[in-house]
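Engineer: kindly return the folded structure for what I paste below:
(chains A and B)
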Amino acid sequence: MFALLEKKSIVAVLSLAALALSLTACGASVDEISAEPTGDTSAADIAGAASCVDTSGSSVKIGFVNSLSGTMAISEKTVSNSLTMAAEEINAAGGVLGKQLEIVQEDGASEPTIFAEKAEKLISSDCVAAVFGGWTSASRKAMLPVFEEKKSLLFYPVQYEGLEASPNIFYTGATTNQQILPGMDYLKSIGVTKLFLVGSDYVFPRTANKEIVAYSGANGIEIVGEEYAPLGHTDFATIVNKLKSSGADAVFNTLNGDSNVAFFKEYNNAGLKAADMPVISVSIAEEEVGGIGVENIVGQLTAWNYYQTVESADNEKFVAAFKAKYGASSVTSDPMEAAYTSLYLWKLMVEKAGSFEVAAIQAAADGVEFNAPEGKVVVNGENHHIAKTAYIGEIREDGLIYAIWTSDGAIEPDPFLTNYPWAAGLTES
Amino acid sequence: MKLVWQSKWTLWAGLAVAVIAVVLAPLLLNDFRLALLAKYLCYAMVAVGIGLAWGQGGMLTLGQGLFFGLGGYIMAMHMKLADAKGGVPDFMSLYGTGEVPIWWEPFRSPGVTLVAIVAVPALAALILGWAVFTRGVRGAYFAILSQALVYAFALLLVNQQQTTGGTNGLNGFKGFFGLALSDPANKRMLYFIAAGVLVAMVIATRALMRSRFGELLIAVRDQENRVRFLGYDPAWTKVFAYVIAAVFAGIGGALFVPIVGIISPANVGVTPSILFLAGVVIGGRTTLLGPVLGTIGLRFVETQLSETYPAFWTYFQGALFILVICFLPQGMASIGTWLKWLRRRREVTA
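Structural biologist: Here you go, the predicted model:
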C-alpha cells in the first residue's frame, strides 16, 4: 500500500521526524533524580518544589476542586457549598493569620484526569496555599501524584477504603477502622452470623469488601454472597433473588448513586424487611435519602461519623448556618461536615505553624484539635487522618438519620489496619 | 479531497505556520499550559484517524476509545513495570494478588511495548473490520456496534481491578523510558514528540488521500455498490482506513499516558469516544486539517470556559455544538467556503 504514497511525502515525514527529535533535548533520568540528595537545589527545582504562593498581600488564595458537572455533581456540589460557607465564616472572623481567604473554584467534571489537571492548575497557575475537595477514590488517586510532585496540600473530605497515607494529603473523612469496622462490630453485636455483600463495581466497594471478608473470617461471620453491579446499574432482580435465597441475616451495602434506588425498590418488592434482614449502607447520607425516597429505605442502617441530628451546640450552629445560607429544605451530611471541618483544620494548622508553607504545616499538624459539628476531632500527624467518633444510624420517616449506637469516644485512625491481626494479609499478600 | 488549504503552496505555508507554532509554543506557555497543549495534540491524533475513517471513508466510528485505550494501557503497563524495577506495581499489592499476571510480562520490554502500541490496535481493528465490513455492516449499525464495543471494553477494565487498577486506572508514573517525568525538560520533550508525531500523521494522511487508495475510499463512501461492480472489494478498502484510524488512536493514547500521567476507564469509555468525534464535527470532517484544528480549538475553549465558569461551562459547550450543527454542518473549516459564497452573492446582487 505504501508504494502508492508519493516519495516526496515520505521524505517530508522523515525530515519532520528528524526535526522533532533534534528539538528534543533530553532531561534528567529517573535514576539521576532519585540519586540526588534532597538538599540539592537543582533537584528541588526539578521536583517543582519552588512554591509560588503569594502571602505578601492582605489575602491568600485557596483552591476548591469539586465535580460541578457530570454524574458526581449532585453530591460534590454540596461539598463545595459547605466549603464556601466555612471560608465565608473564617473571613468574617478575620481570616487566617490576618489574611482574607480568596477562593478559586474548579470543576473536576466527575473525571479523574480532569481532577488531576485542575489540581495542577490550582497549584501552578493560581498558586493556592492549599486545595480542598475530591470525592471518588479515583479522583484522589489521580490527584495524589500531582500534590506529591508539586509539594502542595490536599484536604480530602470523604470516607474511603483506607490503605493510603500521603504526606501531602489530609484525610478528614473516615478510614475503614472508623466507619466500616464499627459497622461490622455493630452487626456482630446484634447477632449477625450470615452476611451478604452488595456493592458497585469500583475500587472502594471491592477493597472495603476485602476487608469485610477478612474481618468476618476472624469473627465467625459467614459471607453468603458477594455481588457487584456496574456503577449506574439499575436492574437488581438477579442480585435480590440471590440475596433472598442466601439466608443472610444482614446486608452490607457499598452501592453508590442511582443503583441504591433500584436496589432498595427491588428489596422491598421481594418482601424483605429491615427488621428481618437489615441493610447497612456506607454511601447513603441525608442528601441521598431524599433521592432514594424515604419510603424505600426507612428503618435501614447506615455507618457514618456525622448526622444532621447529632446533638451538640457546634452542630446546631452548623446546621442553622447552612440552612440560612442554602435554604430550609437543605440537609447536612457527613462529607459536607468533613469538608467544613477540613477548612477549619487547615486554618488551625496554619495558625499553629505561623506560616502558610507546606513543610511548616506538615510539621505542625500533629495534635491539632477542632470542635467540629461531629464532635472533637484530632489530627494524627503520622498518617494525616483524624480521630473521629463512629455512629451507626437508623433512617427514620422524616428522612433524617438518628444515631442508635456510638463508639466509645473518638477512634484513632488506622488506615493500614496495623492494630488488627486479621488484616495482616491485606496489604502484603 | 477537500482541504482547508486546497493548493500545494497553501498547504506548505500552513505546515510552515504549524511548525513555527509548534516551536514557539514552549517559549510562550508555562509548563502546565504546554502539557495541556500536548494533551490536546494526543486527542488531535485520534481526530486525524476519525477524519480518515469517517470523513473520507463514511465509517461513523463511535468507539475510538477502544484503540486509544489499548495504546494507552499498553504504555501505562510498561511504565508501571519500569517504575517497579522488576518488582510488582504498587496497586497490585494493594488490590490484587501481589503477583504480576502473565499477560503483563511482555510489556516489561520497551521494544515489545513500542511494537504493541501500533500492532495491538491494528490487529484489533483488522479483526473487527474484517468481521464487520466483509459482512456489509454499515451506517448506524456499525456506529452502534463500535459504541457497544467500547462500552464493553471500559466495563472489562473496571471489572479487572486486580490487574487493571479498576476505576482508578493506572497512574503515579515516575519515568518514561528511563527519563524522569518530574523534569520539565522531559515534559517539553514529550510535547515535541507529540507535535512531531501529529504532523507526520497529517502528512501521511494527505499522501494516502492523494493516492489511488484515497480515491477508492471516497468512491466507496459515496457509491459502495458501484465500486463493487467495477471489480474492487470495498470491504478491504474500508478495513485499511479503519486500521489506520485505530493505529493513530493507539499512538495518541500511548502518548497521552506520559503527558497526562494517568489513564483510567473514564478516558476510554463511551463519553470520551463521543467527545473524540465532537472536535472532528466542529472542525469539519471531510477536510484534512479541520479535525486537528477543531479538536485543539474545542479542547482549548473547554479548558478556558471550565476555568472561568466552573459551575456552568457545560452549557456553553452544548450551545457551541448546536450552533455549529445548525449553521455550519460542514464544520468550522467550511467558514471560508461560506464566506466566499456570501461575497459572490453580494457581487451578483450589487
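Engineer: which element is the residue of the stretch 101-250 of chain B found nearest chain A on?
Structural biologist: Chain A sits closest to residue B:196 of the stretch 101-250 of chain B, with a gap of 2.5 Å, by C-beta to the nearest C-beta. Heads up, the C-betas are built off the backbone N, CA and C, glycines and all. Secondary structure from DSSP states H and E places residue B:196 in helix B:184-210.
Engineer: just checking, what packs against that helix?
Structural biologist: Where contact means 3 or more C-beta pairs under 8 Å, 6 or more residues apart in numbering or on different chains; DSSP states H and E, helix B:184-210 is packed against helix A:7-22, helix B:8-28, helix B:31-50, strand B:179-180, helix B:234-260.
Engineer: among the ones you listed, which is nearest residue A:96?
Structural biologist: The closest of those to residue A:96 is helix B:31-50. By C-beta to C-beta, the value is 25.9 Å.
Engineer: next secondary structure after that closest one?
Structural biologist: Scanning forward in sequence from helix B:31-50 by DSSP H and E, the next helix or strand is helix B:64-83.
Engineer: what angle do that next one and helix B:31-50 make?
Structural biologist: 130 degrees (axes from the mean of the first three to the mean of the last three C-alpha atoms, to 10 degrees).
Engineer: name the residues of the helix holding residue B:196 that are buried.
Structural biologist: Across helix B:184-210, burial judged by 16 or more other C-beta atoms under 10 Å in any protein chain shown covers B:184, B:186-209.
Engineer: centroid residue for chain A?
Structural biologist: Centroid-nearest residue in chain A, with C-alpha atoms, centre = their mean: residue A:158, separated by 2.8 Å.
Engineer: need the pLDDT of that one.
Structural biologist: pLDDT recorded at residue A:158 is 96.
Engineer: grab the nearest non-local neighbour of it.
Structural biologist: Distances taken as C-beta to C-beta, 6 or more residues apart in numbering or on different chains put residue A:173 closest to residue A:158, at 4.4 Å, once the chain neighbours are dropped.
Engineer: hmm, that neighbour is touching residue A:162, no?
Structural biologist: No: Residue A:173 is beyond contact range of residue A:162, at 10.7 Å (criterion: C-beta atoms under 8 Å).
Engineer: the two: which is more packed in?
Structural biologist: residue A:162 (30 against 26; other C-beta atoms under 10 Å in any protein chain shown).
Engineer: SS state for the more buried one?
Structural biologist: Per DSSP: H, G, I helix; E, B strand; the rest coil, the local secondary structure of residue A:162 is coil.
Engineer: equivalent analysis for residue A:173, please.
Structural biologist: What three-state DSSP gives for residue A:173 is coil.
Engineer: tell me where the model's unsure across chain B.
Structural biologist: B:1-8, B:10-11, B:349-350 (pLDDT under 70).
Engineer: again, only using 80
Structural biologist: Along chain B, segments meeting pLDDT under 80 span B:1-15, B:93-98, B:332-339, B:342, B:346-350.
Engineer: show me the contacts for residue 248.
Structural biologist: In the absence of a named chain, chain A is used. A:194, A:195, A:196, A:224, A:225, A:277 (C-beta atoms under 8 Å, 6 or more residues apart in numbering or on different chains).
Engineer: wrong one, I was asking about chain B
Structural biologist: B:45, B:46, B:48, B:49, B:52, B:201.
Engineer: so the last one makes contact with residue B:48?
Structural biologist: Spelled out, that is residue B:201. Yes: between residue B:201 and residue B:48 there is a contact at 4.9 Å, judged by C-beta under 8 Å.
Engineer: how about the residue in the stretch 151-300 of chain A that chain B sits nearest to, phi and psi?
Structural biologist: Proximity of the stretch 151-300 of chain A to chain B (C-beta to the nearest C-beta) peaks at residue A:202, 4.0 Å away. Phi and psi for residue A:202, reported as degrees, to the nearest 10, are phi -160, psi -170.
Engineer: ok, residue B:29 next?
Structural biologist: Backbone geometry at residue B:29, expressed as degrees, to the nearest 10, gives phi -110, psi 150.
Engineer: quick one: residue B:46 from residue B:72, how far?
Structural biologist: From residue B:46 across to residue B:72, the span is 11 Å (C-beta to C-beta, to the nearest Å).
Engineer: mind listing the shared neighbours of those two?
Structural biologist: Residues touching both residue B:46 and residue B:72 (C-beta under 8 Å, 6+ apart) are residue B:253.
Engineer: and the residue of the stretch 151-300 of chain A closest to chain B, what does it touch?
Structural biologist: By C-beta under 8 Å, 6+ apart, the contact set of residue A:202 is A:136, A:137, A:138, A:231, A:256, B:158, B:161, B:166, B:167.
Engineer: element containing the third one, please.
Structural biologist: Secondary structure assigned from DSSP H and E places residue A:138 in helix A:137-150.
Engineer: counting contacts, what elements does that helix pack onto?
Structural biologist: For helix A:137-150, the packing partners by 3+ C-beta pairs under 8 Å, 6+ apart are helix A:112-124, strand A:154-156, strand A:169-171, helix A:203-218, strand B:170-171.
Engineer: thinking again about what came up before, want to throw the contacts of residue A:248 into CSV with pLDDT, distance to residue A:416 and secondary structure?
Structural biologist: As requested, those are exported to CSV (pLDDT from 0 to 100; distance: C-beta to C-beta, whole Å; DSSP: H, G, I helix; E, B strand; the rest coil):
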residue, pLDDT, distance to residue A:416, secondary structure
A:194, 97, 29, strand
A:195, 97, 23, strand
A:196, 97, 27, strand
A:224, 97, 28, strand
A:225, 96, 28, strand
A:277, 95, 32, coil
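Engineer: what ranges does the stretch 201-350 of chain A have for its strands?
Structural biologist: Counting by DSSP state E, counting those that start in this stretch, the stretch 201-350 of chain A has strands at residues A:222-229, A:250-254, A:279-281, A:301-304.
Engineer: can you redo those strands as CSV with distance to residue B:278?
Structural biologist: Formatted as CSV, the strands of the stretch 201-350 of chain A follow (distance: least, C-beta to C-beta, whole Å):
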stretch, distance to residue B:278
strand A:222-229, 30
strand A:250-254, 34
strand A:279-281, 37
strand A:301-304, 40
